[in-house]
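Got a sequence here, can you model it:
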Amino acid sequence: MPVLRIGRRRIPYTVRESARALRQRIEATPAGVAVIVPAGTPDSEVTRFVDSRRRWIHDKTEELKEAVARLNARTPTGYHSGAKVLFRGRFLKLRVQESPAVSRPSLEYRTGFMVRLPVGLSETERVDAVRTLIDDWIEHRILEDAHSIIRHHGSAEGLVPQTVVVRDQKTVWGSCGRDRVLRLDRKLSRVPRSVFEYVVVHEICHLRHRDHSAAFWALVRDLLPDYEERKGWLERHEVEVG
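Reported below is the predicted structural model:
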């Protein structure tokens, strides 16, 4: 992995070629720095571009690090009682309860998450059980909501992917490639539903337009007239979302 050196700092970054990219750009998130370039861009050109943005990269990564530290300081995270789970734009409390009446782990969601566990699990087993329950529940909700949005916005336009998958993505919220598979980042469970709707609509519009041309954005606007407001929310809150 290439590394940008700024004084004593070493900032690793990934380079991703994109057939849809019309120019070079840099994305900095809490997960790391990614340089997106048009396919076939020479390494030397990528290096020059990164070097020309070194001050921005330094300031942005420092800003993200400080923001994450502030967020973690006020919001306990983890898989134990009292931790907070960011879901649909709100921090919801997680409660974990052990009971001799419980034979297998279970999760209930109302205004927060209640996990019930059998007695006698080790600390590692408890954490694994809670994590698995929450991850499975979140994946189910993302898929359920995505299919509902596709039916509402995409069916009449013929913008229906072959399938939808949820996974942990490092640099993009979603993608919809030539294989017509809609891939969504698991962290999208953390954004408000209206913002999630924008991401899904954005990606299924790529089934018709493979780039970010004027025709692409016109189609997004036809389906979501207020898409710019939703897109702006995602850009402003990327640190909280992760």
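
mind giving me the domain ranges of this structure?
3-74, 84-137, 140-241 (automatic domain parsing).

Make TSV from the ones you listed and add mean neighbour count and mean pLDDT to it.
Using the backbone N, CA and C atoms, a C-beta is placed for each residue, glycine as well. Below are the domains of the chain laid out as TSV (neighbours: other CB atoms under 10 Å; pLDDT from 0 to 100):
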stretch	mean neighbour count	mean pLDDT
domain 3-74	14	85
domain 84-137	15	92
domain 140-241	17	92
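
who's in contact with the helix or strand where residue 65 lies?
Assignment of secondary structure by DSSP states H and E places residue 65 within helix 54-74. Contacts with helix 54-74, where a contact means CB atoms under 8 Å, 6 or more residues apart in numbering, come from 4, 6, 9, 11, 13, 26, 28-30, 33, 50, 239-240.

again, only using 10 Å
4-7, 9, 11, 13, 26-33, 35, 50-51, 53, 77, 84, 86, 91, 238-240, 242 (CB atoms under 10 Å, 6 or more residues apart in numbering).

cool, and stretch 149-159?
With CB under 10 Å, 6+ apart, stretch 149-159 has contacts from 147, 160-161, 164, 176, 180, 182, 193, 196-201, 203-208, 219, 222-224.

After the helix holding residue 65, heading C-terminal, what element do we hit next?
Taking DSSP H and E, what comes next after helix 54-74 is strand 84-87.

Could you give the separation of that following strand from the chain centroid?
Centre-to-centre, strand 84-87 and its host chain are 14 Å apart (CA atoms, centre = their mean, to the nearest Å).

C-alpha coordinates for it, CSV please?
Only the C-alpha atoms of strand 84-87 are listed here, as CSV (Å, rounded to 0.1, in the frame of the first residue of the first chain):
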residue,chain,number,x,y,z
LYS,A,84,-25.0,2.7,22.1
VAL,A,85,-25.9,1.4,18.7
LEU,A,86,-26.3,4.0,15.9
PHE,A,87,-29.4,3.1,13.9
